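**Student:** Got a predicted structure plus its sequence, pasted below:
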Amino acid sequence: MFDNESLNQIKQSRNEWEETQLKKTLAKFPERKEEFTTVSGEVVNPLYTPEDIEWLDYNKDLGYPGEYPFTRGVQPTMYRGKLWTMRMYAGFATAEESNNRYKYLLEQGQTGLSVAFDLPTQIGYDSDHPLAEGEVGKVGVAIDSLEDMETLFEGIPLDKVSTSMTINAPASVLLAMYMAVAEKQGVTPDKLRGTIQNDILKEYIARGTYIFPVEPSMRLITNIFEYCSKYVPKWNTISISGYHIREAGCTAAQEVGFTLADGIAYVESAIKAGLDVDDFAPRLSFFFNAHNDLLEEVSKYRAARRLWARIMKERFGAKKPKSMMLKFHTQTGGSTLTAQQPDNNIVRVAIQTLAAVLGGTQSLHTNSRDEALALPTEDSVRIALRTQQIVGYESGVTDTVDPLAGSYYIEAKTKEIEDKAMEYINKIDELGGAPRAIDMGYIQQQIMDAAYKYQREVETGARIVVGMNKFQVEEESPKGLLKVDPAVGNLQKHKISDLKTRRNNELVKEKLEALRSACESDENVMPHILEAVKTYATLGEICGVMREVFGEYQQSVII
Amino acid sequence: MNSRPIRVLIAKPGLDGHDRGAKVIARALRDAGMEVIYTGLRQTPEQIVSAAIQEDVDVVAMSILSGAHNYLLPRVVELLKQEDADDMLVLGGGVIPDEDIPGLKEAGIKEIFTPGTPTTAVVDYINENVNRQ
């Protein structure tokens, strides 16, 4: 960006400034801290100048939005054309109650749905399974069969909204249920838009809702890639998620490094299964976190985009620009919210929203102020959605593309995160790839070390969390939190037993046996899961068959 | 004077997979000189009680964020009673609404640590309240 002569001049003037101006001030007014670091623990210099970005080649490293390496965004006009999808993650209790919440959010101007499933659903258990006791409908909606799914989307035209489903181990089953509901509404699969999370590697690393061992899990994922590339072409078949890895305590650079390493594993697995990279890569999507360190976070998204573009082009030989584009959903950082003075969380979420938007996100979920206490109430969800709308319509940051580009700090930081993330990817490659590195506990250990370091900083007061370790007040218990009725568990149990008396159980058995044979062979399992779902076989029955064939994953415990 | 270090079982009951808090507490207790055993995810109350007895722990500390605490935590206390092991100090932590805390304490969970609690508070509480022969 700068020629040598200008750089020399700048170097000279900076030296002068440091020797005279800066020294004089520091002698009188020392800085607040000995060292300034980002939330991730990276040192921040007092000042950034063109010297920090002398490596920057505009065309090679930044280029134009919508063009390789996509540092400045994946679309040429970004938010000037269309704002990001405002997609609030929601779901609790029964399909009926969640359906009401979705309709409320759509009325409030939300533009996409995002389904939260309860833990039994995420782990492939029906609501009447002993391990589901106490968990039904708690952190998301309980879905046991196609009937629940029909209720969940009742009155919501599936050709008009896009739906994201946070579902991983049983992603194939929920996608099949979604397709079956659409079919009943007269919507063909090629019209369906949305995303299934379908990212099992981060479940082993950070989130814990795995079912099967690594190999069959990877096979299910490639089966979905293959099936959708033919029949559900507009569907994002995976959302490779750094979100949960960050929530588990890693740094910004680790979030990028570990997430892209997982992405590499999926691409390798699909190529090994015989798929052409340009057939499935355009449908890969990503999911990142937004924490409080605004400028570090903006740099993180830009770094992730550039690094993925380079990996897809150079490592995997992708040809289509769409295969090299990193599109991502963002969620504000749940773990950054405090139970103390919950209204402060509205401000944190606003900063994080700015980070995601200045970083060029494609869709965004904003957390609600009361999430460190319970599931959000309707009021808090509305404020969280309004935060996005205010940033989108009032702040002006959406009027030009990638407005922070060219900032000495942002560009230096983008490069630093890219380089650090690449170091993690190289290390994981050395260990034999992400699945192997997870098996060895390498990734989990790195995250734990970072999480513990952060916790120490908060406890020693080296890092300030307003309202929690500084500026505390005496507080009353918050009122009006959302509670899920414990009766939901029994209600779901009744629904299942009632369903089992009404459906054609012979047909269910037949379809489940066909699925079993497919699991035992190399055949794609998706068509069989779809058939089984349509007979109203339950999620637990379908996952049960796969459990019997594939076995279950055993976690290696790392502390 | 008991010279054996305090033994603590950190457990994740139920299906919730978020264990950052459990692991951070485990490390902090270990740094404070305690012996820590972590069960890993998805433990039933029966499994937790059996591990606690087998490992002969002084403290059972459970972390839960999924909202299933009102069912799972009292169940552990109940099973410990059945096994005559209710001298163990039982603690809970995680996203647990204030209004649920009195009921849980009544059920025999001695203390509940909610988000934002410094790890030192947990260390101190255990040191002061552990019941050892």
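**Tutor:** Good, I have the coordinates.
**Student:** ok, now how distant is residue A:141 from chain B?
**Tutor:** 13 Å (Cβ to the nearest Cβ, to the nearest Å). Every residue, glycine included, has its C-beta placed from N, CA and C.
**Student:** Run through the bridge partners of that residue.
**Tutor:** residue A:93, residue A:117 (DSSP bridges).
**Student:** hang on, isn't it packed against residue A:94?
**Tutor:** Yes: Residue A:141 lies in contact with residue A:94 (Cβ atoms under 8 Å); the separation is 6.9 Å.
**Student:** Show me which of those two is the more surrounded one.
**Tutor:** residue A:141 (28 against 25; other Cβ atoms under 10 Å in any protein chain shown).
**Student:** Return the residues in contact with that one.
**Tutor:** Going by Cβ atoms under 8 Å, 6 or more residues apart in numbering or on different chains, residue A:141 touches A:91-95, A:97-98, A:115-118, A:121, A:148, A:152.
**Student:** Chain B: which of those is nearest?
**Tutor:** Among the contacts of residue A:141, residue A:118 lies closest to chain B (Cβ to the nearest Cβ), at 8.4 Å.
**Student:** re earlier: most surrounded residue in the contacts of residue A:141?
**Tutor:** Within the contacts of residue A:141, most neighbours by other Cβ under 10 Å means residue A:121, with 33 neighbours.
**Student:** Compute the distance between that one and residue A:94, please.
**Tutor:** 12 Å (Cβ to Cβ, to the nearest Å).
**Student:** Tell me the residues that contact both of these two, please.
**Tutor:** A:141, A:142.
**Student:** Leaving out chain neighbours, which residue sits closest to the residue in the stretch 201-350 of chain A that chain B sits nearest to?
**Tutor:** Nearest residue of the stretch 201-350 of chain A to chain B, counting by Cβ to the nearest Cβ: residue A:208, 1.8 Å away. Closest residue in space to residue A:208, ignoring its immediate chain neighbours: residue B:17 at 1.8 Å, by Cβ to Cβ, 6 or more residues apart in numbering or on different chains.
**Student:** So what's the residue count around that neighbour?
**Tutor:** Neighbour tally, residue B:17, other Cβ under 10 Å: 23.
**Student:** what's the model's confidence in stretch A:65-77, averaged?
**Tutor:** If you average the pLDDT over stretch A:65-77, you get 98.
**Student:** need the residues of chain B near chain A, please.
**Tutor:** B:10, B:14-20, B:23-24, B:26-28, B:30, B:36, B:38-42, B:44, B:66-68, B:70-72, B:95, B:97-99, B:114-116, B:118-120 (Cβ under 8 Å from any Cβ of the partner chain).
**Student:** Buried among those? Need that as a selection in PyMOL.
**Tutor:** Remark: buried members of these, expressed as a PyMOL selection using 16 or more other Cβ atoms under 10 Å in any protein chain shown:
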select buried, chain B and resi 10+14+15+16+17+18+19+20+23+24+26+27+28+30+36+38+39+40+41+42+44+66+67+68+70+71+72+95+97+98+114+115+116+118+119
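**Student:** from the residues of chain B next to chain A, which ones fall inside strands?
**Tutor:** B:10, B:36, B:38 (DSSP state E).
**Student:** Switch those over to TSV; also include pLDDT.
**Tutor:** Shown next, in TSV, are these (pLDDT from 0 to 100):
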residue	pLDDT
B:10	98
B:36	97
B:38	96
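**Student:** Chain A: which of the residues you listed is nearest?
**Tutor:** Looking across those and measuring by Cβ to the nearest Cβ, the closest to chain A is residue B:38, at 5.0 Å.
**Student:** Work out the gap between stretch A:499-518 and the centre of the chain.
**Tutor:** Mean-position distance between stretch A:499-518 and its chain equals 34 Å (Cα atoms, centre = their mean, to the nearest Å).
**Student:** Check which residues of it are buried.
**Tutor:** Those would be A:499, A:503, A:508, A:511, A:512, A:514, A:515, A:516, A:518, for stretch A:499-518 by 16+ other Cβ under 10 Å.
**Student:** Please give the element, helix or strand, for the first one.
**Tutor:** Here residue A:499 sits within helix A:487-502, counting by DSSP states H and E.
**Student:** Taking the stretch 401-550 of chain A, what residue is nearest to chain B?
**Tutor:** Counting by Cβ to the nearest Cβ, the stretch 401-550 of chain A gets nearest chain B through residue A:477, at 3.9 Å.
**Student:** what separates that residue from residue A:442, distance-wise?
**Tutor:** Applying Cβ to Cβ to residue A:477 and residue A:442 gives a distance of 42 Å.
**Student:** Mean confidence (pLDDT) on the lengthiest helix in chain B, please.
**Tutor:** For chain B, the longest helix by residue count, based on DSSP state H, is helix B:69-82. In this model, helix B:69-82 carries a mean pLDDT of 96.
**Student:** Packing partners of it?
**Tutor:** Here helix B:69-82 touches helix B:45-54, strand B:59-63, strand B:89-93, helix B:101-106, going by 3 or more Cβ pairs under 8 Å, 6 or more residues apart in numbering or on different chains; DSSP states H and E.
**Student:** Which of the three states applies to the residue in the stretch 51-200 of chain A that chain B sits nearest to?
**Tutor:** Going by Cβ to the nearest Cβ, chain B is nearest to residue A:134 of the stretch 51-200 of chain A, at 3.1 Å. Using DSSP: H, G, I helix; E, B strand; the rest coil, the three-state assignment for residue A:134 comes out as coil.
**Student:** go on, the one 4 residues further on?
**Tutor:** Three-state secondary structure (criterion: three-state DSSP) places residue A:138 in coil.
**Student:** who's in contact with whichever residue of chain B sits closest to chain A?
**Tutor:** Going by Cβ to the nearest Cβ, chain A is nearest to residue B:17 of chain B, at 1.8 Å. Residue B:17 is in contact with A:203, A:206, A:207, A:208, A:209, B:41, B:42, counting by Cβ under 8 Å, 6+ apart.
**Student:** The residue nearest to residue A:446 when sequence neighbours are not counted: which element?
**Tutor:** Excluding its sequence neighbours, the residue lying closest to residue A:446 (Cβ to Cβ, 6+ apart) is residue A:254, at 6.2 Å. For residue A:254, the host element (DSSP H and E) is helix A:252-272.
**Student:** now that helix, how far from the chain's geometric center?
**Tutor:** Worked out by Cα atoms, centre = their mean, helix A:252-272 lies 13 Å from the chain centre.
**Student:** Contacts for the longest helix belonging to chain A, please.
**Tutor:** Identified as the longest helix of chain A according to DSSP H is helix A:408-431. For helix A:408-431, the external contacting residues (Cβ under 8 Å, 6+ apart) are A:42, A:48-50, A:52-53, A:55-56, A:61-62, A:71, A:252-254, A:256-258, A:260-261, A:264, A:295-296, A:298-300, A:302-304, A:306-307, A:311, A:404-405, A:434, A:437, A:440, A:442-443, A:446.
**Student:** for the record, mean pLDDT for the following helix or strand past that helix?
**Tutor:** Following helix A:408-431 in sequence order, the next helix or strand is helix A:434-439 (DSSP H and E). When pLDDT is averaged along helix A:434-439, the result is 95.
**Student:** and what of stretch A:312-331?
**Tutor:** Here the average pLDDT along stretch A:312-331 is 98.
**Student:** and if you look at stretch A:265-285?
**Tutor:** pLDDT averaged over stretch A:265-285 gives 95.
**Student:** again, but for stretch B:123-133
**Tutor:** 90.
**Student:** Please apply the same query to stretch A:110-118.
**Tutor:** For stretch A:110-118, the mean per-residue pLDDT is 91.
**Student:** List of residues touching it?
**Tutor:** Contacts of stretch A:110-118 with the rest of the structure, by Cβ under 8 Å, 6+ apart, involve A:85-92, A:98, A:102, A:105-106, A:135-143, A:152, A:156, A:161-167, A:174, A:194, A:363, A:365, A:385.
**Student:** quick one: which of these sit in helices?
**Tutor:** Among the contacts of stretch A:110-118, the members falling in helices (DSSP H) are A:98, A:102, A:105, A:106, A:152, A:174, A:385.
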